[in-house]
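**Student:** With the sequence up front, the predicted model follows.
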Amino acid sequence: MNVKVLGAAGEVGRSAFLVDGGNARMLLDYGMKLGRRGTPPAYPSHVKPKDVDAIVITHAHLDHSGCVPSMFVSGSTDVYATEPTMDLSKLLIEDMLKIGKGSYSFDIPEVDNMLRNSHHLGYGESVRRGDAKFELRESGHVVGGGTVLVEADGKRLFYTGDIHVSGSRMLREADLDIGEIDLLVTESTYSQSDQTPRRESEAGLIEFANEVMDRKGTLFVPSFSVERSQEIACIFRNADFGHKVVMDGMALKVNDVMRRHPGFLRDPKVFEDAVGRAVAVRSQGAREKAMTEQCVVISPAGMLVGGNAVYYMQRLAENPKNGIAMVSYQGEGTPGRHLLETGRMTARGRELKVSAEVRQFQFSGHSDRTELFEMMKGIRGDPKVLTVHGDRDSCSRFAEEITERFGLEARAPQAGETVEA
């Protein structure tokens, strides 16, 4: 069994790995990297549908799922994922196409064809293709998300996708009871840094929210629509926050998806209580009304790239009574990163100083350095290790440290490289 890296190495985005073994070829993820405004998206290496026996999507984020419909432009194959992953992939990909307006190599008919060829998997449910088999395990990263375990030719491969070993308020911890493995493909996103402990971030967010309410302001929490928005709502509910919490944008559609799949949540009652008590904003009139009240507004986009975030920022940014709580990862070149670095935003064609108080809180859905090394300590067998899904320095340094600490053969692979288990 071998695995070929199809996406870009040394960056976050375009996750795609072609596994060849057991008389079968399986594509583990097929994502894309969205371009900055005015630039085209970046795709992984092309694979012909007829050369793939199955595609396995670990989770719905576009850097793992976004390019899968391209496999249905001139052919088809079978796609496997959990049911919430397929529901959320449809939601996110269709939204991407709507915003992109013809920027992609596929459109809605290919998305529909992908869905017609999809098969829903439960965690631990084994699928056989040729003499190979694969299954998904819980990843703790996002609702419905999974890691992948592949067995072929007497070898076992474990692909973490995006993993959060300890889980979150929304999700159970990752399932790492995988036995001995021969090849590990692991994310490296935060392999060189530790995150603020979750409870500390939660306490800081609630304290900031109360400060904003005390000065009669409004707090805006730009947040990823898939799971992060729901987690933030749960944090406010758990704290018995005394003011209105508003949810807006695609997060509301994600709420509906999560309601349909309670078995994938750590505690469905906690989730339902939190989002049920939040006020859903579905019109511009309701949006404008919220701006006249003391409340917390949770709405995409997490990096302030489009969506209703633009409206809220324009309404709140110039009043120092208001607050903006950044709780999502801020990619390089995004408006959110620009705000954090300069205290300024672009609105109506000109750059403005943001007078509202801006604070950042860490709520990553990825394992940090400490958790990744704890995961490595529990790995059984003597596997080769490929470090991926991080910047070049993080991937390379993580591989070096794995070799130093555990004596395993580890490296950050190059795009196009094939590694044998």
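**Tutor:** Done, it's in.

**Student:** need the strands for the stretch 1-150 of the chain, in chain order.
**Tutor:** For the stretch 1-150 of the chain, strands defined by DSSP state E, counting those that start in this stretch occupy the ranges 2-5, 16-21, 24-30, 54-56, 79-81, 118-120, 127-129, 132-138, 146-152.

**Student:** if you average pLDDT over the fourth one, what comes out?
**Tutor:** This means strand 54-56. Averaged across strand 54-56, the pLDDT comes to 98.

**Student:** in its sheet, what does that strand sit against?
**Tutor:** With DSSP bridges as the test, strand 54-56 is paired with strand 24-30 (parallel), strand 79-81 (parallel).

**Student:** I'd like these laid out as a markdown table, including mean pLDDT, distance to Met376 and mean neighbour count.
**Tutor:** Placement of C-beta: from N, CA and C, glycine included. Formatted as a markdown table, the entries for the strands paired with strand 54-56 read as follows, by pLDDT from 0 to 100; distance: least, C-beta to C-beta, whole Å; neighbours: other C-beta atoms under 10 Å:
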| stretch | mean pLDDT | distance to Met376 | mean neighbour count |
| --- | --- | --- | --- |
| strand 24-30 | 98 | 20 | 25 |
| strand 79-81 | 98 | 26 | 26 |
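
**Student:** Looking at those strands, which is nearest to Met96?
**Tutor:** Proximity of these to Met96 was assessed by C-beta to C-beta; the nearest stretch is strand 24-30, lying at 14.2 Å.

**Student:** now the closest one against strand 146-152, angle please.
**Tutor:** Relative orientation of strand 24-30 and strand 146-152, computed by axes from the mean of the first three to the mean of the last three C-alpha atoms, to 10 degrees: 160 degrees.

**Student:** what's in contact with strand 24-30?
**Tutor:** Strand 24-30 has contacts (C-beta atoms under 8 Å, 6 or more residues apart in numbering) with 3, 6, 15-19, 44, 47, 51-58, 64-65, 67-68, 70-71, 129-132, 134, 148, 150, 152, 159, 161, 185.

**Student:** Name only those of those that count as buried.
**Tutor:** Buried members of these, scored by 16 or more other C-beta atoms under 10 Å, are 3, 6, 15-19, 44, 47, 52-58, 64-65, 67-68, 70-71, 129, 132, 134, 148, 150, 152, 159, 161, 185.

**Student:** Low-confidence stretches in the stretch 1-150 of the chain?
**Tutor:** The model of the stretch 1-150 of the chain has pLDDT under 70 over residues 35-38.

**Student:** Pipe the strands paired with strand 54-56 into JSON lines and attach distance to Glu200 per row.
**Tutor:** As requested, the strands paired with strand 54-56 are exported to JSON lines (distance: least, C-beta to C-beta, whole Å):
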{"stretch": "strand 24-30", "distance to Glu200": "32"}
{"stretch": "strand 79-81", "distance to Glu200": "34"}
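
**Student:** out of those, nearest to Ala415?
**Tutor:** Of those, the one closest to Ala415 (C-beta to C-beta) turns out to be strand 24-30, at 14.3 Å.

**Student:** How far off centre is that closest one?
**Tutor:** Averaged C-alpha coordinates place strand 24-30 at 19 Å from its chain's average position (C-alpha atoms, centre = their mean, to the nearest Å).

**Student:** likewise stretch 330-344?
**Tutor:** Using C-alpha atoms, centre = their mean, the distance between the centre of stretch 330-344 and that of its chain works out at 19 Å.

**Student:** what's in contact with that stretch?
**Tutor:** 36, 222, 302-305, 324, 326, 328, 345-346, 351-354, 358, 360.

**Student:** Got the domain ranges for this structure?
**Tutor:** 2-193+365-420, 198-360 (automatic domain parsing).

**Student:** gap between the two ends of the longest one?
**Tutor:** Spelled out, it's domain 2-193+365-420. With C-alpha to C-alpha, to the nearest Å applied, domain 2-193+365-420 spans 4 Å between its terminal residues.

**Student:** next one: it to chain centre, how far?
**Tutor:** The mean C-alpha position of domain 2-193+365-420 is separated from the chain mean by 11 Å, C-alpha atoms, centre = their mean.

**Student:** The shortest one now?
**Tutor:** The gap between where domain 198-360 is centred and where its chain is centred comes out at 17 Å by C-alpha atoms, centre = their mean.

**Student:** what's the span of stretch 69-81, first residue to last?
**Tutor:** Using C-alpha to C-alpha, the span of stretch 69-81 from its first residue to its last is 14 Å.

**Student:** again but with stretch 338-347, I slipped
**Tutor:** Distance across stretch 338-347, first residue to last, is 13 Å (C-alpha to C-alpha).

**Student:** Next, the buried residues of it.
**Tutor:** For stretch 338-347, the buried set under the neighbour-count rule, 16+ other C-beta under 10 Å, comprises 338-340, 345.

**Student:** how about the helices in the stretch 151-300 of the chain?
**Tutor:** Per DSSP state H, counting those that start in this stretch, the stretch 151-300 of the chain carries helices over the ranges 198-214, 228-238, 250-260, 268-277, 284-290.

**Student:** thinking again about what came up before, buried ones among the contacts of stretch 330-344?
**Tutor:** Using 16+ other C-beta under 10 Å, the buried members of the contacts of stretch 330-344 are 222, 302-305, 324, 326, 328, 345, 354, 358, 360.

**Student:** Same list (these) but as TSV, adding distance to Ala209 and pLDDT.
**Tutor:** Converted to TSV, the buried ones among the contacts of stretch 330-344 look like this (distance: C-beta to C-beta, whole Å; pLDDT from 0 to 100):
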residue	distance to Ala209	pLDDT
Pro222	14	96
Gly302	17	87
Met303	21	88
Leu304	19	89
Val305	24	85
Ile324	11	98
Met326	13	97
Ser328	16	90
Met345	21	92
Val354	18	96
Val358	14	97
Gln360	14	97
